[in-house]
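Colleague: need a structure here:
(chains A, B, C and D)
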Number of protein chains: 4
Amino acid sequence: MAPANERRAQARGLTDRWQTALTSIAPNTILIRGYPVDEMMGRLSFADAVYLLLMGELPSPAIGRMLNAVLVSSLDHGVTPPSTLAARNVATSGAPLKDCVAAGILAFGRHHGGDIESCMKFLDAGLTLVRAGHTLQQAADSLIDDCLREGQTPPGFGHRIHTRDPRAARLFQMALELEVEGEHVRLIRAAERAMDARKEQFGHYLPINVDGAIAAISADLGFEYELGNAIFLISRLPGLIAHAHEERIRQTPMRQIDPKDHDYDGSQTRRLPETRK
Amino acid sequence: MAPANERRAQARGLTDRWQTALTSIAPNTILIRGYPVDEMMGRLSFADAVYLLLMGELPSPAIGRMLNAVLVSSLDHGVTPPSTLAARNVATSGAPLKDCVAAGILAFGRHHGGDIESCMKFLDAGLTLVRAGHTLQQAADSLIDDCLREGQTPPGFGHRIHTRDPRAARLFQMALELEVEGEHVRLIRAAERAMDARKEQFGHYLPINVDGAIAAISADLGFEYELGNAIFLISRLPGLIAHAHEERIRQTPMRQIDPKDHDYDGSQTRRLPETRK
Amino acid sequence: MAPANERRAQARGLTDRWQTALTSIAPNTILIRGYPVDEMMGRLSFADAVYLLLMGELPSPAIGRMLNAVLVSSLDHGVTPPSTLAARNVATSGAPLKDCVAAGILAFGRHHGGDIESCMKFLDAGLTLVRAGHTLQQAADSLIDDCLREGQTPPGFGHRIHTRDPRAARLFQMALELEVEGEHVRLIRAAERAMDARKEQFGHYLPINVDGAIAAISADLGFEYELGNAIFLISRLPGLIAHAHEERIRQTPMRQIDPKDHDYDGSQTRRLPETRK
Amino acid sequence: MAPANERRAQARGLTDRWQTALTSIAPNTILIRGYPVDEMMGRLSFADAVYLLLMGELPSPAIGRMLNAVLVSSLDHGVTPPSTLAARNVATSGAPLKDCVAAGILAFGRHHGGDIESCMKFLDAGLTLVRAGHTLQQAADSLIDDCLREGQTPPGFGHRIHTRDPRAARLFQMALELEVEGEHVRLIRAAERAMDARKEQFGHYLPINVDGAIAAISADLGFEYELGNAIFLISRLPGLIAHAHEERIRQTPMRQIDPKDHDYDGSQTRRLPETRK
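Modeller: Down below sits the predicted model:
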């Protein structure tokens, strides 16, 4: 019988020991997946170390660069996402920064952030068709036709502001250049063609958004569904921190936060110095 | 009059617009601190981008390397921190990954994680003495003597397992090599000497721990107190994710989690390949 | 097209006004569902007021007594539920009480607390059979046989400690006496008979637990599924508060919390005074 | 030495057993503070049971009625409190109800909800003066003069909408009628007179708000500071639930929530039936 409720907590596993394969601790020694953390410091980027911790092995340099780019892609998206507004509403009450951040993370719901996992499953459903003999494009067409029938936007597609999501385009370009592109990326590109061919039925053109790009690339890198969402979570955390902190230092407490009423008064548009290219 | 309570929420700022300096959004354009995010991707490490978002300007290459090392240093510390146990207790109930992570973040309380901010304030109190004419060592001695009088462990010092925290040692070595070491680092090293000279009074030797090293380096890099804690939060998030995920895939739901009963069954000790050095 | 992700946040409802039917606020006047809150105070019990807020109308005296009993039933269940352990692990870090409570609430996952909603759906599936002509017992038998086939414990059944859950028994007795018992309660009692007749197949006897009783009664009272879980949440909140508070005042910070190692040192068994009966 | 950080988690309390005095669990028996929970059900109101769990003894009937009124007083305050907006912003993302509620609770910060604890401390500071020989009015005057000097609103005073908070007035009236009024209530009434006499200096009249009334009454009932905030938390939880639920059933997902744009479309003003009086 599957466990059903809290009452199961009473007698479960009271005696058996349990295992962990992540990190081992001994006096003056911290081994993450077997590597001394002090040896990792200065030699692995944070993104490399995240990959090691979540996947169990070091990433190749190409995968490390790809994951750095994925983590940069969703760093922040301004003041209007619900997660950012949840964090700012907690901040205006005078709560500690960590509370603002936790509230923001709770707003990564089915319609926000959580979309990566559903897109990964969507693509794997298509690849099952490919295993069964369909071509990549046939599989993509069938996935999109199913969405049309159910009146659903395919997960990973559509943007109210961006008609061409600059983050998705850049991620696909890097995946190609770094030769980490796999069948999930190829399938979602085929699905994009299928969407383009059906834009009248969908009412308007729905481009691949950054969630779709992260989903396809995370799947090609071998991340589990649940960890696809985790990648977005790691990427956006600094954005939640920055907004909560800005709310506390620039605004009066207990204000009514209207997402429409904000103005941007930060740095003007600028380019990275040549040395960064 | 300072705002006092929820009733202030009624009439506050109902009309005035508000400002943000972090990110500007326009169709097909996302500018973080003025830089196009798609231009940042592939050119900045995640740590570089975090620094840009939180501080407003690009880090120097040395600061970027230092921040990557700081973020790697606290990636995970095994199953026993309360934040990890809170995340695992939420995971065993079958809650979504984001809920486990949010609960873990809430456990960064006064005694855990939050210690970085208090250590930054502790060091600034010492530097005020230096501004007033004390030598660095005199200031350090006076800080430590105050703690002794109050029977307090100085923030950033002491470890029940590590007599020499390998992460702190590595961070200080890198700060020196990268020439980002400043007066906060020099002061905490002086405080370490003061602790050594008073180890009998403290009962036993209390080394600088990783919080102390992150606090001193974050302060030398110019981070505000609140953002010092945020650095730890960004660093530990993947650890919370990894433990919540491992709990879900390796353990039975609704189990009683006893921190003592765990065994490590992961990779044996290994070294980074030469190519990583 | 259904909304898919954060990008939808950009343009949604920027102009349209939105409605709420819960509470209206004017200078010196607070109306909850139309009733002045100061008139409610002293005349409605908290449970009556909760019913009014969630359901829109005043409860009958019988329903008010029933809801008070439901809220008392799950007030606390000792130190071993994961929600309680999550709250205590946050408390040991020195976090504020509200953070401990929020973490505890996050641990009401699929296997814990959330079970009420699934049991309400389970019972409604049975009542659909009744509408289609089955007798109550036939519907109950078919529900239980489905669970047997899938190797699932029926939601709302089973307890590792209690072979007869005293809370469930008392709730059903009161529902009968107060004449608020309806078809959901009658169906779950029929399902209990079906379980009894199949106890060999299930390996052992699985009684109705308190979640099952709350689910059946909440459904008979007309609560929506989501609000069934909410009733449990309101009931258990004081338990989370009491454990977090006790952790802070009786235990040392940053301790390793082993659920097995606790002893009860509170009041001995006692009976309510006659005046309370 | 006081514990300082996560590293203390390693070796703390690995062997010693720990105690709890709240609830004891045995097969088919649940004793809360020594009373069988099934005996409490139907005989104690939820408010009575909350008092028993938090304070360790049964409340007198008068205290039980008082606590029911206190819990009803802050049940909801419309859509504009930051806690409500945090819960609605999480709800619009499609997150589970419990996540919305947890985020709302996190918004009970220093300026919102948390005010009760600070008001209790404020009143106890005044009673220390009374113990030292001041009259109640002298103590109140001195408390208020201190606030004036520091340009602070006294905790528990002031309301942007209500010039006479109907909840505070009703709570004080009931405390008098039920004869549970004590020195904290008398002191805050004296402080109100002191505020009235200094309304010019404060710029305008700042009445006692509901937090102030709950703080004074909770203190007279003997609740600890931390539990004063907990009373507000229990009272407001159903409000957070009702708003999150209404957001989910009445609004489109991923909308931009502007606190200014809402309209009330619920029940018109009505009075309780005579039978409730």
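Colleague: what residues are up against residue A:137?
Modeller: A:190, A:193, A:194 (Cβ atoms under 8 Å, 6 or more residues apart in numbering or on different chains). The C-beta positions use only the backbone N, C-alpha and C, and glycine is treated the same way.
Colleague: distance of it from chain D?
Modeller: Residue A:137 sits 31 Å away from chain D, going by Cβ to the nearest Cβ, to the nearest Å.
Colleague: who in the stretch 51-200 of chain A is up against chain B?
Modeller: Within the stretch 51-200 of chain A, the residues that sit near chain B (Cβ under 8 Å from any Cβ of the partner chain) are A:53-54, A:56, A:58, A:65, A:68-69, A:71-73, A:75-80, A:97-99, A:101-103, A:105-106, A:108, A:113-114, A:161-167, A:169-171, A:174.
Colleague: In ChimeraX, select just the buried ones from those residues.
Modeller: Of those, the buried ones go into a single ChimeraX selection, burial set by 16 or more other Cβ atoms under 10 Å in any protein chain shown:
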select /A:53,54,58,65,68,69,71,72,73,75,76,77,78,79,80,97,98,99,101,102,103,105,106,108,113,114,161,162,165,166,167,169,170,171,174
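Colleague: Out of the contacts of residue A:137, which sit inside helices?
Modeller: With DSSP state H as the criterion, helices contain A:190, A:193, A:194 from among the contacts of residue A:137.
Colleague: Out of the residues you listed, flag the one nearest to chain D.
Modeller: Closest approach to chain D among these (Cβ to the nearest Cβ): residue A:194, at 24.6 Å.
Colleague: Among the residues of the stretch 51-200 of chain A next to chain B, name the ones in helices.
Modeller: Checked against DSSP H, these include these in helices: A:53-54, A:65, A:68-69, A:71-73, A:97-99, A:101-103, A:105-106, A:166-167, A:169-171, A:174.
Colleague: for chain A, where's the lowest mean pLDDT among helices and strands?
Modeller: Lowest by mean pLDDT, DSSP states H and E among the helices and strands of chain A is helix A:199-202, with a mean of 91.
Colleague: quick one: buried residues of it?
Modeller: residue A:202.
Colleague: which residues are in contact with that helix?
Modeller: With contacts defined as Cβ under 8 Å, 6+ apart, helix A:199-202 is touched by A:148, A:153, A:195, A:205, A:206, C:1.
Colleague: Just the element for the residue nearest the centre of chain A, please.
Modeller: Nearest to the geometric centre of chain A sits residue A:232, at 2.3 Å (Cα atoms, centre = their mean). For residue A:232, the element it lies in under DSSP states H and E is helix A:225-250.
Colleague: for residue A:123, what are its contacts?
Modeller: Contacts for residue A:123 (Cβ under 8 Å, 6+ apart) come out as A:184, A:187, A:188, A:191, A:215, A:216, A:219.
Colleague: Just grab the bridge partners of residue A:26 for me.
Modeller: residue A:29 (DSSP bridges).
Colleague: Now do it against residue A:36, distance only.
Modeller: Separation of residue A:26 from residue A:36 (Cβ to Cβ, to the nearest Å): 11 Å.
Colleague: for residue A:118, same thing?
Modeller: Counting by Cβ to Cβ, the separation of residue A:118 from residue A:36 is 38 Å.
Colleague: go on, residue A:196?
Modeller: Taking Cβ to Cβ, one finds residue A:196 at 50 Å from residue A:36.
Colleague: more crowded one of those two?
Modeller: Taking neighbours as other Cβ atoms under 10 Å in any protein chain shown, residue A:196 and residue A:36 compare with residue A:36 leading, 18 against 13.
Colleague: Next one: the more buried one relative to residue C:35, how far apart?
Modeller: Computed with Cβ to Cβ, the distance linking residue A:36 and residue C:35 is 65 Å.
Colleague: And residue A:159, by the same measure?
Modeller: The gap separating residue A:159 from residue C:35 is 45 Å, by Cβ to Cβ.
Colleague: Which residue of those two possesses the greater neighbour count?
Modeller: When residue A:159 is set against residue C:35 and neighbours are counted by other Cβ under 10 Å, the residue ahead is residue A:159, at 26 against 23.
Colleague: element containing the more buried one?
Modeller: Following DSSP H and E, there is no helix or strand that holds residue A:159.
Colleague: Show the pLDDT at it.
Modeller: With respect to pLDDT, residue A:159 scores 84.
Colleague: re earlier: only whichever of the contacts of residue A:137 are buried, select them in ChimeraX.
Modeller: Buried members of those, defined by 16+ other Cβ under 10 Å, are picked up in ChimeraX with:
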select /A:190,194
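Colleague: CSV please, covering the contacts of residue A:137 and showing pLDDT and distance to chain D.
Modeller: Conversion of these to CSV gives the following (pLDDT from 0 to 100; distance: Cβ to the nearest Cβ, whole Å):
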residue, pLDDT, distance to chain D
A:190, 98, 27
A:193, 96, 27
A:194, 97, 25
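Colleague: just the contacts of residue A:137 now: which is nearest chain B?
Modeller: Minimum distance to chain B across the contacts of residue A:137 is 20.0 Å, recorded for residue A:193 (Cβ to the nearest Cβ).
Colleague: Next up, the contacts around the closest one.
Modeller: A:137, A:140 are the contacts of residue A:193 under Cβ under 8 Å, 6+ apart.
Colleague: Now residue A:183. Nearest residue, chain neighbours left out?
Modeller: Sequence neighbours aside, residue A:127 is the residue nearest to residue A:183 in space, at 6.1 Å (criterion: Cβ to Cβ, 6 or more residues apart in numbering or on different chains).
Colleague: neighbours around that neighbour, how many?
Modeller: For residue A:127, using other Cβ under 10 Å, the count is 17.
Colleague: next one: residue A:130
Modeller: 17.
Colleague: gap between it and chain C?
Modeller: Distance, residue A:130 to chain C, using Cβ to the nearest Cβ: 24 Å.
Colleague: these two touch, right, that residue and residue A:140?
Modeller: No. Residue A:130 lies out of contact with residue A:140 (Cβ atoms under 8 Å); the separation is 9.4 Å.
Colleague: Which is the succeeding secondary structure element to the helix holding residue A:232?
Modeller: Note on helix A:225-250: by DSSP H and E, the next helix or strand toward the C-terminus is strand A:262-264.
Colleague: where in the stretch 151-277 of chain A is pLDDT low?
Modeller: For the stretch 151-277 of chain A, the stretches flagged by pLDDT under 70 are A:277.
Colleague: Please list the residues of it that sit near chain C.
Modeller: Within reach of chain C by Cβ under 8 Å from any Cβ, the stretch 151-277 of chain A has these residues: A:151-162, A:165, A:202-203, A:206, A:209, A:211, A:260.
Colleague: Count the neighbours of the closest residue to residue A:62 other than its chain neighbours for me.
Modeller: Using Cβ to Cβ, 6+ apart and skipping residues adjacent in sequence, the residue nearest residue A:62 is residue A:178, 4.2 Å away. Applying other Cβ under 10 Å, we find 17 residues neighbouring residue A:178.
Colleague: And for residue A:216?
Modeller: Close neighbours of residue A:216, defined as other Cβ under 10 Å, add up to 32.
Colleague: how far away is it from residue A:231?
Modeller: Distance, residue A:216 to residue A:231, by Cβ to Cβ: 12 Å.
Colleague: same check, this time on residue A:81
Modeller: Counting by Cβ to Cβ - residue A:81 and residue A:231 are separated by 17 Å.
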